[in-house]
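In: Pasted the sequence and its predicted model underneath.
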Amino acid sequence: MTWIEHLEELRQRLLWSLLGLALGTALSWNFSESLLRLLLQPTGGIQLHAIGMLEPFLARFRVAVTGGLALSMPWIVYQIFRFVDPALKPNERRVLVPVSLAAGVLFVTGAVFGYFFILPAASKWLLAQAGQLIRVQITALNYLHFVTWLLVGMGLGFQTPLLVVAACALGLVSPQRLQREWKLALMVILVVSAAVTPDWSPVTMFLLALPMFALYEAAVLVSFLIVRRRREAEEAALQPDV
């Protein structure tokens, strides 16, 4: 394929991804009020305020887009893999759908983990900083910016295993090297955790870093199995027929 054809293929994949996000957002819009009520529970159901005519609509739209991203994540990952499809081998193409579904499951798992373990602790700590001198009045958009940024970041952070396995499966890096450089991986995970957690608290940072590092180690083990099976298949193909 020429560069023009690659760019055209990229444009089509982006359009299909945006279409999937739009459909997911449209579906989530019908449940945006219930989703907003759900997002308020970890903070004790605080009362949100609106300071503009558009803010209630924009708040519901932000909730709908976040829900749409969760729903369309398998489709978006599938489009990414379809873009690199020409460089894949036939046996690698067979895993497109399972990997895409796994991306959706991992995204939702990360968001759920953040909802139950990170968001309550972060919200409690941040609100406690007001003390007796500051009266906290949180606008709807301000709160949703905080919550959606956290949950989407958690969902994307839980994509770590897919990136590791994909890098090993494509031969970009070996599982042995990933295993040797676990300290570097841990440092990167800690930096990402610090960037994602909005309260910059060591407690919430480590609550995120621990499962991400566990997922990293699990992905390295899976990569060892994939590389070994590929090597065995190649050796079997080289054996002369009896």
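Out: Happy to help now that I have it.

In: Now name the helix or strand holding the most centrally placed residue in the chain.
Out: When the chain is reduced to its mean C-alpha position, the closest residue under CA atoms, centre = their mean turns out to be Leu156, at 1.8 Å. Using DSSP states H and E, Leu156 sits within helix 140-157.

In: cool, Leu36 as well?
Out: Going by DSSP H and E, Leu36 is in helix 32-40.

In: number of nearby residues for the closest residue to Ile226 other than its chain neighbours?
Out: Once flanking residues are discounted, Ile226 sits nearest to Ala169: 5.6 Å by CB to CB, 6 or more residues apart in numbering. From N, CA and C alone the C-beta is placed, and that goes for glycine too. Around Ala169 sit 19 other residues, with neighbours defined as other CB atoms under 10 Å.

In: if I look at Ala169, how far off is Val105?
Out: 18 Å (CB to CB, to the nearest Å).

In: Look up phi and psi at Val99.
Out: phi -70, psi -40 (degrees, to the nearest 10).

In: what about the nearest residue to Tyr78 once chain neighbours are set aside, which SS state?
Out: What sits nearest to Tyr78 in space, not counting adjacent residues and going by CB to CB, 6+ apart, is Ser100, at 3.9 Å. When classified by DSSP: H, G, I helix; E, B strand; the rest coil, Ser100 comes out as helix.

In: mind listing what Ser100 touches?
Out: By CB atoms under 8 Å, 6 or more residues apart in numbering, the contact list for Ser100 reads 74-75, 77-78, 81.

In: Rank the helices and strands of this structure by mean pLDDT and give me the bottom one.
Out: helix 90-93 (a mean of 66; mean pLDDT, DSSP states H and E).

In: my guess is Met154 contacts Pro211, does it?
Out: No: using CB atoms under 8 Å, Met154 is not in contact with Pro211, being 9.4 Å away.

In: May I see the buried residues of whatever helix or strand Leu106 lives in?
Out: Using DSSP H and E, the element containing Leu106 is helix 96-113. For helix 96-113, a neighbour-count test (16 or more other CB atoms under 10 Å) marks 96, 99-100, 102-104, 106-108, 110-111, 113 as buried.

In: My guess is the residue nearest to Ile226 contacts Leu225. True?
Out: No: applying CB under 8 Å, one finds Ala169 not in contact with Leu225, separated by 10.8 Å.

In: what sits against Phe107?
Out: Contacts of Phe107 (CB under 8 Å, 6+ apart): 70, 73, 155-156, 158-159.

In: What is the burial count for the closest residue to Val147 other than its chain neighbours?
Out: Leaving aside its sequence neighbours, Val147 sits nearest to Leu39 (CB to CB, 6+ apart; 5.3 Å). Residues near Leu39, counting by other CB under 10 Å, number 18.

In: ok so, going back, shared neighbours of Met154 and Pro211, anything?
Out: Contact criterion CB under 8 Å, 6+ apart; residues shared by Met154 and Pro211: Phe113.

In: can you tell me how far Asp85 sits from Gln79?
Out: Distance, Asp85 to Gln79, using CB to CB: 10 Å.

In: More neighbours: these two, which one.
Out: When neighbours are counted by other CB under 10 Å, Asp85 and Gln79 differ, and Gln79 comes out ahead with 21 against 13.

In: relative to helix 140-157, how tilted is the host helix or strand of that one?
Out: Assignment of secondary structure by DSSP H and E places Gln79 within helix 55-83. Angle of helix 55-83 versus helix 140-157, following axes from the mean of the first three to the mean of the last three CA atoms, to 10 degrees, is 20 degrees.
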